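A.B. asks: Sharing a sequence plus its predicted fold:
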Amino acid sequence: MLLCPETTAARALTYPISLPAQHEFKFPRYYVRPCYLEYYNLVIDRFKGGYDKVTVTGTAAIGKSTFLAYFFTRYCIEHPNETVIMVSFTNTGKMKDALVWTRQGVTHTAQCMSCMIEQAETKARQEGRPSIRLYDGALRNLPARTRVLCCTRALERWDNLIASDQRHAVAPWDISELLDARAKLKLEAFPSPVSREDITSRYDKFGGVARVCLSQRKQYPSQVEARIIWPDSESR
């Protein structure tokens, strides 16, 4: 199998253009957490072991979508003869956006998504090539006899669908990862720079929630804090 040193050694990668995502990713590059390499290998091992449905879950804003972007990039490089289908879903489980990748090119649409996916998988079967679906968010029903990697927050309706399949939870970020991400993504050089002190202060308050800790919108952490119901909220 072809291995890709660009993805196995990198700590920051370009975010794939037009990649379907449940929540828009607004930055040109993303940080590759060390655990992404471990989870990539774990998912591949599960598929090789006979599972056809694998879920990567975790708390909100922890980086599940960026792991899926990493998986997509590396998988396409290491499995160039396969068809890779990526789909994003709304919070209610409706298809939002879809993309089909083959070595011949990319088809991307937000219209007639089910037809495009079915045609791509049929073509792959006829040509004797494997296919895989990557889901950002959880759908309402599972496709039969199809390999699926789903990255979603914990949802009871999804857990009920995949009760007999593989589920793995992404750990929260630690402070060293957040500070390394700041350096690798050069967040100090942006128009709204993020300082080491910003990261440390946010981590002390929010823990390893990357979307908040690495945010370049200075008001965003305060907006998140205002929505938190603290144990002693009556006294605040």
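C.D. replies: Yes, it's here. Numbering: from 1, shown residues only.

A.B. asks: so where do the helices sit in the chain?
C.D. replies: Using DSSP state H, the helices found in the chain span residues 5-8, 34-48, 64-78, 113-126, 156-161, 175-184, 196-206, 210-213, 220-227.

A.B. asks: and these, which one's lowest on average pLDDT?
C.D. replies: Comparing mean pLDDT across the helices of the chain, the weakest is helix 156-161, with a mean of 52.

A.B. asks: tell me the contacts of C35?
C.D. replies: Neighbouring residues of C35 by Cβ atoms under 8 Å, 6 or more residues apart in numbering: V170, A171. C-beta: built from backbone N, CA, C; applies to glycine.

A.B. asks: ok, back up a step: can you add distance to V100 and give the helices of the chain back as a markdown table?
C.D. replies: Formatted as a markdown table, those follow (distance: least, Cβ to Cβ, whole Å):
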| stretch | distance to V100 |
| --- | --- |
| helix 5-8 | 21 |
| helix 34-48 | 19 |
| helix 64-78 | 11 |
| helix 113-126 | 4 |
| helix 156-161 | 23 |
| helix 175-184 | 31 |
| helix 196-206 | 37 |
| helix 210-213 | 28 |
| helix 220-227 | 34 |
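
A.B. asks: Out of those, which gets nearest to P16?
C.D. replies: helix 64-78 (6.0 Å; Cβ to Cβ).

A.B. asks: For the closest residue to P34 other than its chain neighbours, give its distance to T66.
C.D. replies: Nearest non-adjacent residue to P34, counting by Cβ to Cβ, 6 or more residues apart in numbering: E177, 7.7 Å away. In this view, E177 and T66 are 12 Å apart by Cβ to Cβ, to the nearest Å.

A.B. asks: what do the two both touch?
C.D. replies: With Cβ under 8 Å, 6+ apart as the test, E177 and T66 both reach Y31.

A.B. asks: Can you give me the domain assignment for this structure?
C.D. replies: 5-169, 175-229 (automatic domain parsing).

A.B. asks: picking that back up, for the residue nearest to P34, give me its contacts.
C.D. replies: Y31, R33, P34, G208.

A.B. asks: Of those, grab the buried ones for ChimeraX.
C.D. replies: Typed into ChimeraX, the next command selects the buried ones out of these (criterion: 16 or more other Cβ atoms under 10 Å):
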select :31,33,208
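
A.B. asks: and the most centrally placed residue in the chain, what does it touch?
C.D. replies: In the chain, the C-alpha nearest the mean C-alpha coordinate belongs to S65, at 1.9 Å (Cα atoms, centre = their mean). Counting by Cβ under 8 Å, 6+ apart, S65 makes contact with A21, Q22, H23, F25, D136, C151.

A.B. asks: Just send those residues back as JSON lines, with pLDDT and neighbour count too.
C.D. replies: Formatted as JSON lines, the contacts of S65 follow (pLDDT from 0 to 100; neighbours: other Cβ atoms under 10 Å):
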{"residue": "A21", "pLDDT": "86", "neighbour count": "19"}
{"residue": "Q22", "pLDDT": "84", "neighbour count": "22"}
{"residue": "H23", "pLDDT": "82", "neighbour count": "14"}
{"residue": "F25", "pLDDT": "83", "neighbour count": "15"}
{"residue": "D136", "pLDDT": "92", "neighbour count": "25"}
{"residue": "C151", "pLDDT": "87", "neighbour count": "25"}
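
A.B. asks: Fine by me, thanks again.
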